[in-house]
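Engineer: Structure for the following, please:
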Amino acid sequence: MNKQWSIDKIKEFVENNSESKLLTTEYHGYSQKLLFKCACGSNFEKTFTKFKNKNQRKCDVCQPPKASR
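Structural biologist: Okay, the predicted model is just below:
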């Protein structure tokens, strides 16, 4: 069964598993890009799936994207 995420659960996950902060206030589904604030102060957008499953928990400056294969 797929776990249903609410904006409150996502915010809690972000606070407990990263140095970033969630700025988005509504969650409409897994394909929605959410707005985060990195520890360095930069804002960045990621889907929650990428944030959670692919450990993309910082902005592109602090954690540059991996080169594609």
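
Engineer: My guess is residue 33 contacts residue 46. True?
Structural biologist: Yes. Applying Cβ atoms under 8 Å as the test, residue 33 and residue 46 come out as touching, 6.5 Å apart. Every residue, glycine included, has its C-beta placed from N, CA and C.

Engineer: These two - which one has more neighbours?
Structural biologist: Set side by side, residue 33 and residue 46 show more neighbours around residue 46, with 19 against 13, by other Cβ atoms under 10 Å.

Engineer: where along this structure do the strands fall?
Structural biologist: 21-22, 33-37, 43-47 (DSSP state E).

Engineer: now for the shortest one, which elements pack on it?
Structural biologist: So that's strand 21-22. For strand 21-22, the packing partners by 3 or more Cβ pairs under 8 Å, 6 or more residues apart in numbering; DSSP states H and E come out as helix 7-17, strand 33-37.

Engineer: Run the angle between the shortest one and strand 43-47 for me.
Structural biologist: Here strand 33-37 points in a direction 150 degrees away from that of strand 43-47 (axes from the mean of the first three to the mean of the last three Cα atoms, to 10 degrees).

Engineer: Which strands border strand 33-37, and is each parallel or antiparallel?
Structural biologist: In the sheet, strand 33-37 lines up against strand 21-22 (antiparallel), strand 43-47 (antiparallel) (DSSP bridges).

Engineer: Need those strands in CSV (columns: distance to residue 11).
Structural biologist: CSV is the format used below for these (distance: least, Cβ to Cβ, whole Å):
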stretch, distance to residue 11
strand 21-22, 5
strand 43-47, 14
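
Engineer: Can you report how many residues neighbour residue 42?
Structural biologist: Neighbour count for residue 42, taken as other Cβ under 10 Å: 14.

Engineer: check contacts around it.
Structural biologist: Residue 42 makes contact with 59, 61, 62, according to Cβ atoms under 8 Å, 6 or more residues apart in numbering.

Engineer: Go again with 6 Å.
Structural biologist: Taking Cβ atoms under 6 Å, 6 or more residues apart in numbering, we find residue 42 in contact with residue 59.
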